[in-house]
Every structure is written in C-alpha cells, then in structure tokens.
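Participant: Quick one, fold the following:
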Amino acid sequence: MIAIVLFWLSLGIVGHAYVGYPVLMAMLARWRGRDPLCGDHVPAISVVLAVHDEETRVAARIRDVLAQDYPADQLEMLVVNDGSRDGTSRAARLDDPRVKVIDLDTNQGKAGALNRAVEVARGEILVFVDARQSFAPGALRALVAPFADPSVGGVSGELVIGSGQGNPGLYWRMEKRLRHDEARLGCLHGVSGAIHALRRELFVPMPAGTVLDDMWTPLQTLLGGHRVWMARDAIAVDQASSSLAEEFHRKLRTLAGNWQLVQRLPVLLNPVANPVFLAWFSHKFLRLVVPWALLVALVASACAPGPFYRFALGAQLLAYAGAALAWARPALARRVPLLPAAGMFLMLNSAALLSLPASLAWDGSRLWRKH
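Facilitator: Numbers count the residues shown, from 1 in each chain. As a prediction, the model looks like this:
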C-alpha cells in the first residue's frame with residue numbers, strides 16, 4: 001500500500017511540474033493576463049557587461065551593442081574587467097565616448113562586478129548583457145519600451161538558441177512559453193541573463209559569489225512590489241552548446257544556484273511573504289524535486305503488487321533506456337521523433353539530481369565558469 005501511495009504521489013509531483021502548472025498558467029494568462037502599456041520610450045540607459053578573460057570577443061560584443069538603433073546621447077556602456085589575466089581591458093577600450101571600462105584589480109566574480117558597475121551607472125534603466133550573445137536589430141528599444149508602464153520594474157528579453165547538439169529544442173520552446181504566461185500574470189521570477197533590464201533605483205546589491213544574478217534581480221523586483229515583463233521581440237541570439245555534456249555542466253551550475261538562492265533568500269519558502277510563491281515553487285523548486293520523485297516512482301513500481309505496476313516499471317525502464325541512447329548518441333536520436341526531447345529531459349533531471357550535492361560542494365574560489 002505504501003509503495004502504491006508513493007508511486008502516485010511521485011507521478012503527481014512530476015505531472016504538476018511539467019504539465020499541470022504550465023497548463024494552468026496558459027489558461028489563466030488567456031483569461032486574466034495583462035500586457036503592460038508600451039510606448040516609444042527611450043530613457044537614458046546604462047548597458048552593463050561584466051567580463052573575465054574575454055579578450056577574443058569583448059570588442060565585437062561592445063560593437064554589437066553600440067550598433068543598436070538607440071539614441072547615442074541616451075546610451076552608455078559600462079564594461080567591468082573583473083581581474084582578467086589576458087588583454088580584455090585593452091580590447092574593450094574602443095574609440096567611442098559611450099564606452100567606459102572599469103578595471104577591478106582582483107577577480108570578484110560576476111556578482112561583485114555587476115555591483116561595481118551599478119555604483120557608477122548614470123542611466124535611468126540598467127541593461128545587463130553577456131559576452132557570448134549578439135542582439136537582433138531593435139532589441140534595445142523593444143527591451144525598454146515596457147518601462148513606459150510605471151508598474152514595470154524589470155524586463156526580460158528573449159534568448160534564441162541556434163542549432164547544435166546542445167540545443168534544448170522542445171524544452172526551451174516550452175520554457176519560453178511558460179515564462180511569457182507568467183509575465184502576463186505578473187509572476188515572472190526569472191529572466192534571461194543575456195538580455196534583461198531593470199530600473200536603476202530597484203537594484204539590490206548581490207552577495208559575493210551569487211550565481212543566479214538573473215533570478216536575484218527579478219525576485220528582488222517582485223518582492224519590492226513591481227512587475228517583471230518579458231519582451232519577446234527583444235531578442236538575443238546565442239549558439240547552442242557544442243554537446244549535451246557541455247549543456248549538462250551549464251545546467252548543473254544553474255540548478256545548484258537555485259539551492260544557493262533559497263539559502264540567501266529564505267523568504268522564498270514563505271507562501272505569505274513571497275508574492276509569487278506558487279509560481280516559484282511550481283516552476284523552480286519542484287524542478288529540483290522532480291528527479292527524486294522519478295527515482296521514488298521507479299522503486300515504488302518495482303515494489304507495488306499487481307500487473308499494472310509491473311507494466312509501469314517496464315515502461316519507465318524502456319523510456320530511460322531510450323533517453324540514455326539519445327543523450328549518448330544525439331545524431332542518431334534526431335532520426336526518431338521525440339527521442340531528442342527524451343534525452344534532454346534525462347540530462348536536465350540528472351543535473352537537477354546532482355545540483356544539491358554540487359551546491360554543498362561549491363568552490364567559491366572559482367568565480368567564473370565558461371562553457
């Protein structure tokens with residue numbers, strides 16, 4: 001009896017995280033969702049780029065931002081060279097008065113670098129970017145347009161990922177749809193680190209070593225009573241990871257950062273004080289619990305009596321075998337419908353399973369990790 005209860009309870013957790021909650025958000029967004037009041041709003045902005053050992057691509061990234069169709073007298077770009085050991089500082093010093101390079105003598109990590117940039121920023125709106133991506137035309141204007149609505153405190157752009165073995169495919173399309181629905185309901189609590197913006201007065205400095213600046217910032221904005229929007233026409237373009245192994249390590253770091261965030265913002269666990277508790281719990285926290293629920297469901301189906309649970313056990317083992325094949329041989333998996341999605345599901349949940357021990361073993365001395 002206990003095995004049967006655990007089996008269905010575990011399936012309920014998985015079903016809510018990946019099906020029930022997204023469906024609920026889609027329905028509520030259609031019935032009660034609200035878009036912000038956007039306009040031809042071009043406030044003074046400070047584009048912030050924190051870099052460490054990015055000599056080969058920092059100049060191209062700066063030029064990409066400066067090439068945006070945005071009034072030159074309303075844009076400044078702050079490049080924080082976080083204790084680089086190569087020629088990053090020299091490469092970033094372009095002959096353009098809009099660019100200011102801030103050199104940090106020691107490596108403080110991304111959180112410390114962003115904190116330093118905001119201290120000297122002059123723009124009304126802070127725009128945070130990464131070194132790896134590029135912007136589609138009109139991205140900056142689209143990103144700041146929702147700030148015409150005074151209720152909007154932060155805005156996320158949309159990250160478009162190119163082809164490659166590490167492309168999250170179906171998972172990423174579903175994730176972006178879910179974020180858009182959450183934004184329409186006023187409960188979006190995670191933004192794209194490659195392209196997001198914030199009213200400068202709402203910025204809350206991050207503790208040293210904070211991994212998920214792209215969750216710290218929107219959560220602080222929501223806790224302060226403001227809304228976070230997703231501007232889907234503000235596009236940053238990235239290349240997919242070269243392999244699923246690379247994508248695995250990237251996701252492991254991100255998911256470990258979620259455990260760190262719970263430690264640094266315990267208010268998240270309080271359904272009364274956290275204004276987006278249902279969204280955060282269903283979207284983020286349960287994603288950390290799902291792999292454990294999957295393991296419990298597997299063991300419970302092996303222990304439960306009856307032919308149904310024998311069939312459920314066999315179906316699970318077969319599904320995991322197919323997903324493992326897709327993870328190991330992605331080129332072969334692309335020939336079979338839905339098999340790549342199964343491989344991505346297994347990879348993401350393997351990373352989630354290891355995220356707790358990874359967060360406990362976190363090496364704070366390694367402040368930057370590049371993939």
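Participant: can we go C-alpha only for contacts and neighbour counts from here?
Facilitator: Fine.
Participant: partners of the longest strand seen in the chain in the sheet?
Facilitator: Secondary structure assigned by DSSP state E gives strand 227-238 as the longest strand of the chain. Applying DSSP bridges, strand 227-238 is found paired with strand 134-135 (antiparallel), strand 152-161 (parallel).
Participant: Quickly compare those and say which is most buried.
Facilitator: Of the strands paired with strand 227-238, the one with the most neighbours on average (mean count of other C-alpha atoms under 10 Å) is strand 152-161, at a mean of 25.
Participant: For the stretch 201-350 of the chain, which segments count as helices?
Facilitator: 213-223, 244-264, 277-280, 286-303, 307-328, 330-333, 339-360 (DSSP state H, counting those that start in this stretch).
Participant: got these as CSV, with mean neighbour count, mean pLDDT and distance to residue 85 columns?
Facilitator: Below are the helices of the stretch 201-350 of the chain laid out as CSV (neighbours: other C-alpha atoms under 10 Å; pLDDT from 0 to 100; distance: least, C-alpha to C-alpha, whole Å):
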stretch, mean neighbour count, mean pLDDT, distance to residue 85
helix 213-223, 22, 96, 23
helix 244-264, 19, 89, 23
helix 277-280, 18, 97, 38
helix 286-303, 19, 96, 36
helix 307-328, 16, 93, 36
helix 330-333, 16, 74, 36
helix 339-360, 21, 90, 27
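Participant: For residue 21, which of those helices is the nearest?
Facilitator: helix 277-280 (8.4 Å; C-alpha to C-alpha).
Participant: Mind listing residues that contact the closest one?
Facilitator: Helix 277-280 has contacts (C-alpha atoms under 8 Å, 6 or more residues apart in numbering) with 182, 187, 188, 189, 268, 269, 270, 271.
Participant: Tell me the confidence at the fifth one?
Facilitator: As summarised for this prediction, residue 268 has a pLDDT of 97.
Participant: same thing with residue 361?
Facilitator: At residue 361, the model reports a pLDDT of 80.
Participant: how far away is it from residue 253?
Facilitator: 12 Å (C-alpha to C-alpha, to the nearest Å).
Participant: List the contacts of residue 274.
Facilitator: Here residue 274 is in contact with 223, 267, 268 (criterion: C-alpha under 8 Å, 6+ apart).
Participant: ok, now how distant is it from residue 266?
Facilitator: From residue 274 to residue 266 the distance is 10 Å (C-alpha to C-alpha).
Participant: can you give me the helices for the stretch 1-150 of the chain?
Facilitator: Going by DSSP H, counting those that start in this stretch, the stretch 1-150 of the chain shows helices at 2-15, 21-32, 58-66, 88-92, 109-120, 139-144.
Participant: Those helices: which one's closest to residue 178?
Facilitator: helix 21-32 (6.0 Å).
Participant: Pull out the buried positions in the closest one.
Facilitator: 21, 22, 25, 26, 29 (16 or more other C-alpha atoms under 10 Å).
Participant: Many thanks, we can stop here.
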